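1. pasted the sequence and its predicted model underneath.
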Number of protein chains: 2
Amino acid sequence: MTRKPATTRVRTRSDANNNVAPARTARKRGASRPSGAGEAAPYHHGALRGALLEAAERVLERDGLAGLTLRAVAREAGVSHAAPTHHFGDLTGLVSELAAVGYRQFSAAMTAAAAAGTSLTEKAMARAKAYVAYAQARPGMYSLMFRNERIDMTRPSLHEAASVSFQGLANSAGAGGEALAALSLDQAAVIARNWSLVHGFTMLLLDGRLKDILHRLPEGTTPEQLLGAMMRAAVMRPPGA
Amino acid sequence: MTRKPATTRVRTRSDANNNVAPARTARKRGASRPSGAGEAAPYHHGALRGALLEAAERVLERDGLAGLTLRAVAREAGVSHAAPTHHFGDLTGLVSELAAVGYRQFSAAMTAAAAAGTSLTEKAMARAKAYVAYAQARPGMYSLMFRNERIDMTRPSLHEAASVSFQGLANSAGAGGEALAALSLDQAAVIARNWSLVHGFTMLLLDGRLKDILHRLPEGTTPEQLLGAMMRAAVMRPPGA
DNA sequence: GATTTATCTTTACACCGTAAAGATACCGAT
DNA sequence: ATCGGTATCTTTACGGTGTAAAGATAAATC
């Protein structure tokens, strides 16, 4: 939206069309795209989509959610501002695909963390810490994934990636094996409770709502310590108990 | 941002300047402003600020967070698009003041709910239900209040309104009386835990992340029932216990 | 090799935030 | 009562954004 003060705006090719001869055909196939060797995709085909997603991730980490615009992503990728439209249709489309990428990263981090612990409670704690750690490492991505305003959950790839994540969370939260069908109120309560607890803590932490509490704690207490103590604390303990 | 499909755009006076003679001086003082009788504010002075806040609340509830723009609020209030600038300086300014209004509504709802219950756990449960109920009744307002992107917590009025809310939450969560200074890790854990639990549940519910779980429950189970069961459930109960 | 098609660029438009300048009406001092 | 000052509101202007539509270019297919 507004001004976007710094960022220096590297002035790519398609930026403010220098009205001279086009001078394209300079880079033939395989000239750009520094990633791997020459895979199947032959430059003019298929490569931009992935490049745009990587550019979007970069923009998101650099400029935050507010800076994540279609045109900024196009600039970052070095293409014209309308190029992303063809691949994602929409800003919502691009952001949704980016969120799907995030859900896959998130799932991977969670399963990796769960493999570390030995006992069940250790595993659960490791997962919770990995959950919060992911959100702290990639706050923009986490916000994207867990808010509806800019993504469209009905997109197949996003829906699937998110479902995998949620299924992993539910399984780890207490619903034994492959609980896909019905749930008792108590089972659902355990899942919702653990998820709400860690998600709420994450959101409050990211949005700075726990700053006051953390400042009143002994010097140098980390959010992770608070998280650990919190998950051990009794339920709704009345004051003075 | 984008298109804003419906809403019909009522075409107020200041909308797309009809290039004829101005024809102002039609409404003298006290002609508009349908709210109360003739209070102290004499139209050209002081009244617009409040009117803009009310207009903003209306726009937020009607068009959601995405529709809450400076110009939309100005249209809703029937003034030129640049009028809000003088009173709030900034979009962030207006949104922050609106969030302050929300925090005051929120605090009032919480204290009213706490007065209802008799026992301590009853009070706590009533407060939690009021918390979720407020967010469900005013999802846009709640999102505004608990996210940083569009508000500026350093604004004095917002900071104070939010502090009052948070203090109320902390007091109700277990930290006895006027616990302002230091906190032990256990005290902080109780506060953070209760707050995280209800905030996380609220966010997940508003963003539709609990839809799958709710669908797997017995027909007609309400979110409130899940909330109640959740707050009674055991902590990190291992599967098959 | 010609045509079709997918991909990318240009151009255009409405909306947005915000700065700056102009118009209007209130206010206090004389 | 009038006059200057000031607060309030409107106009105008500019760059940014999303997105639609048309033009250009290269790949693909026959």
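-> Yes, it's here. No experiment lies behind these values; they were computed from the predicted model shown.

2. could you pull out the helices for chain A?
-> Taking DSSP state H, the helices of chain A run over residues A:47-67, A:70-77, A:83-88, A:91-114, A:120-137, A:139-146, A:156-173, A:185-206, A:211-215, A:223-232.

3. most neighbours per residue, which of those helices?
-> A comparison of the helices of chain A by mean neighbour count, using mean count of other Cβ atoms under 10 Å in any protein chain shown, puts helix A:185-206 on top with a mean of 24. To be clear about C-beta, it is placed using only N, CA and C from the backbone, and glycine gets the same treatment.

4. tell me which other helices or strands it touches.
-> helix A:120-137, helix A:139-146, helix A:156-173, helix A:223-232, helix B:185-206, helix B:211-215, helix B:223-232 (3 or more Cβ pairs under 8 Å, 6 or more residues apart in numbering or on different chains; DSSP states H and E).

5. and that helix, how far from the chain's centre?
-> Distance, stretch centre to chain centre, for helix A:185-206: 18 Å (Cα atoms, centre = their mean, to the nearest Å).

6. likewise for stretch A:62-73?
-> Centroid separation for stretch A:62-73 versus its chain: 14 Å, with Cα atoms, centre = their mean.

7. quick one: pLDDT of the residue nearest to the spatial centre of chain A?
-> Centroid-nearest residue in chain A: residue A:141, 2.7 Å away (criterion: Cα atoms, centre = their mean). Per-residue confidence (pLDDT) for residue A:141: 98.

8. start and end of stretch A:216-231, how far apart?
-> Stretch A:216-231 has its terminal residues 19 Å apart, counting by Cα to Cα, to the nearest Å.

9. OK, contacts around whichever residue of chain A sits closest to chain B?
-> Of all residues in chain A, residue A:200 sits closest to chain B, at 2.4 Å by Cβ to the nearest Cβ. Residues near residue A:200 by Cβ atoms under 8 Å, 6 or more residues apart in numbering or on different chains: B:195-203.

10. closest to residue B:116 out of those?
-> Nearest to residue B:116 among these, counting by Cβ to Cβ, is residue B:198 at 16.9 Å.

11. and that closest one, what does it touch?
-> By Cβ under 8 Å, 6+ apart, the contact set of residue B:198 is A:196, A:200, B:128, B:131-132, B:227.

12. now do the phi/psi pair for residue A:149.
-> Dihedral angles of residue A:149 (phi, psi; degrees, to the nearest 10) stand at phi -60, psi -30.

13. just confirm it contacts residue B:66, I think it does.
-> Yes: applying Cβ atoms under 8 Å, one finds residue A:149 in contact with residue B:66, separated by 6.5 Å.

14. tabulate the helices and strands packed on helix A:185-206 (CSV), appending distance to residue B:172.
-> Below are the helices and strands packed on helix A:185-206 laid out as CSV (distance: least, Cβ to Cβ, whole Å):
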stretch, distance to residue B:172
helix A:120-137, 25
helix A:139-146, 26
helix A:156-173, 26
helix A:223-232, 17
helix B:185-206, 8
helix B:211-215, 27
helix B:223-232, 13
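
15. of all these, which one is nearest DNA strand C?
-> helix A:156-173 (16.7 Å; Cβ to the nearest atom of the strand).

16. list the contacts of that closest one.
-> Contacting residues not belonging to helix A:156-173 are listed as A:96-97, A:99-101, A:103-104, A:106-107, A:110-111, A:114, A:123-124, A:127, A:145, A:151-153, A:177-179, A:190-191, A:193-195, B:209, B:212-213 [Cβ under 8 Å, 6+ apart].

17. okay, now the unreliable bits of chain A?
-> Low-confidence segments of chain A, defined by pLDDT under 70: A:1-46, A:174-180, A:234-241.

18. switch to 50 and redo it
-> Where chain A drops to pLDDT under 50, the residues are A:1-43, A:235-241.

19. residue contacts, the residue nearest to the centre of chain A?
-> A:57, A:60-61, A:98-99, A:102, A:105.

20. of all pairs in these, which one is the farthest apart?
-> Using Cβ to Cβ, the pair of the contacts of residue A:141 lying farthest apart is A:61 and A:99, separated by 14.3 Å.

21. how far away is the nearest residue to residue A:218 once chain neighbours are set aside from residue A:126?
-> Nearest residue to residue A:218, sequence neighbours excluded (Cβ to Cβ, 6 or more residues apart in numbering or on different chains): residue B:185, at 7.2 Å. Here residue B:185 is placed at a distance of 20 Å from residue A:126 (Cβ to Cβ, to the nearest Å).

22. do the same with residue A:218
-> With Cβ to Cβ as the criterion, residue A:218 and residue A:126 are 24 Å apart.

23. coming back round to it: distance to residue A:223 for the contacts of residue A:141 - can I get that in JSON lines?
-> Formatted as JSON lines, the contacts of residue A:141 follow (distance: Cβ to Cβ, whole Å):
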{"residue": "A:57", "distance to residue A:223": "24"}
{"residue": "A:60", "distance to residue A:223": "22"}
{"residue": "A:61", "distance to residue A:223": "20"}
{"residue": "A:98", "distance to residue A:223": "26"}
{"residue": "A:99", "distance to residue A:223": "24"}
{"residue": "A:102", "distance to residue A:223": "21"}
{"residue": "A:105", "distance to residue A:223": "21"}
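
24. which of those lies closest to DNA strand C?
-> residue A:98 (16.8 Å).

25. wouldn't that closest one be in contact with residue A:56 here?
-> Yes: with contact defined as Cβ under 8 Å, residue A:98 counts as touching residue A:56 (5.0 Å).

26. related to what we said a few turns ago, go through the contacts of residue A:141 and name the one nearest residue B:85.
-> Nearest to residue B:85 among those is residue A:60, at 29.6 Å by Cβ to Cβ.

27. show me what contacts the closest one?
-> Contacts for residue A:60 (Cβ under 8 Å, 6+ apart) come out as A:67-68, A:98, A:140-141, A:144.

28. which ones are touching residue A:216?
-> Residues in contact with residue A:216 (Cβ under 8 Å, 6+ apart) are B:181-183, B:188.

29. which among those end up buried?
-> Buried members of those, counted by 16 or more other Cβ atoms under 10 Å in any protein chain shown: B:183, B:188.

30. from the contacts of residue A:216, which ones fall inside strands?
-> Per DSSP state E, strands hold no members of the contacts of residue A:216.

31. can you lay out the contacts of residue A:216 as a markdown table showing distance to residue B:160?
-> Output for those, formatted as a markdown table (distance: Cβ to Cβ, whole Å):
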| residue | distance to residue B:160 |
| --- | --- |
| B:181 | 19 |
| B:182 | 22 |
| B:183 | 21 |
| B:188 | 22 |
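
32. now, which of the contacts of residue A:216 sits nearest DNA strand C?
-> Using Cβ to the nearest atom of the strand, residue B:188 comes nearest to DNA strand C of the contacts of residue A:216, at 36.0 Å.

33. list the contacts of that closest one.
-> Applying Cβ under 8 Å, 6+ apart to residue B:188 gives the contacts A:213-214, A:216-217, A:226, A:229.

34. please list which of those residues also come close to DNA strand D.
-> Near DNA strand D, taking Cβ under 7 Å from any atom of the strand as the test, no member of the contacts of residue B:188 is found.

35. need the max-distance pair from those residues.
-> Pairwise distances across the contacts of residue B:188 peak at 13.7 Å for A:216 and A:229 (criterion: Cβ to Cβ).
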